[in-house]
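Visitor: Sequence and predicted structure are below.
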Amino acid sequence: MTNLDYSKMFTCPRCGAVGNIYLVKVAGNKVIVKQRCPVHGGRAFKIPLKDKDNYINLIQDGVFRCYKCGQEAKQSYIRVSAPWALIKTSCPTHGAITTQKIWGSIYNEISNKEAATPQPAQPGPSQIETMPSENMKFCPNCGAELMDSRSFCGECGSKLN
């Protein structure tokens, strides 16, 4: 795969948005990535570990993003608990705090100053109408928009806090 192919893998297949990466795990010769699009919800995919240098900047870009809107988020906390690094990031717009579970060796690489810095999300044409406002609420499980204060999500049925 080329570097261009990896950048396609790290965007939502429906709208092209770069979502928040909330889990990166090394399993054998694969890297498992779980990512959430702010509009379409979560998904998981696997990529070969041997090509890590071709996509490490894409992981860095996705980890430091808000799960609600996709814009750049700031790291506010880190706890290393082998083999994981538990990171909390906070969105300047939503104040939303996201906890991500990143494999320790991957976190060491993305926190390195030599890695590419994350860029703010640029909304694509299909995203502009569906950008969430500050008052909208979203299901933490599937990302569906919640219209009122229900105790269960109307899309996936998960219990809401």
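Guide: The structure has been received and is ready for your questions. Residues are numbered from 1 along each chain as shown.
Visitor: And G62, how far from E72?
Guide: G62 sits 11 Å away from E72, taking Cβ to Cβ, to the nearest Å as the criterion. For the C-beta atoms, the positions are set from N, CA and C on the backbone; glycine is no exception.
Visitor: neighbour count winner among these two?
Guide: Using other Cβ atoms under 10 Å, the more surrounded residue of G62 and E72 is G62, with 24 against 17.
Visitor: now the more buried one, nearest residue through space, not along the chain?
Guide: I21 (3.6 Å; Cβ to Cβ, 6 or more residues apart in numbering).
Visitor: Give the buried residues for the helix or strand harbouring that neighbour.
Guide: Using DSSP states H and E, I21 maps to strand 20-27. Neighbour counts over strand 20-27 (16 or more other Cβ atoms under 10 Å) mark 20-25 as buried.
Visitor: same for the helix or strand following it, what does it pack against?
Guide: Next along the chain after strand 20-27, taking DSSP H and E as the criterion, comes strand 30-37. With contacts defined as 3 or more Cβ pairs under 8 Å, 6 or more residues apart in numbering; DSSP states H and E, strand 30-37 has these neighbours: strand 20-27, strand 41-48, helix 52-63.
Visitor: I figured N20 hits Q35, correct?
Guide: Yes. The pair N20 / Q35 is scored as a contact, 6.7 Å apart, by Cβ atoms under 8 Å.
Visitor: which residues do those two both contact?
Guide: By the contact definition Cβ atoms under 8 Å, 6 or more residues apart in numbering, N20 and Q35 are jointly contacted by G62.
Visitor: The closest residue in space to I110 that isn't next to it in sequence: neighbouring residues, count only.
Guide: Spatial nearest neighbour of I110, chain neighbours left out: Q60 (3.9 Å); criterion: Cβ to Cβ, 6+ apart. Look at Q60: counted by other Cβ under 10 Å, it has 20 neighbours.
Visitor: What separation do you get for Q60 and G41?
Guide: In terms of Cβ to Cβ, Q60 sits 22 Å off from G41.
Visitor: ok, now C69?
Guide: 14 Å.
Visitor: By average pLDDT, which secondary structure element in the protein comes out worst?
Guide: Every helix and strand in the chain was compared by mean pLDDT, DSSP states H and E; the lowest is helix 125-128, with a mean of 38.
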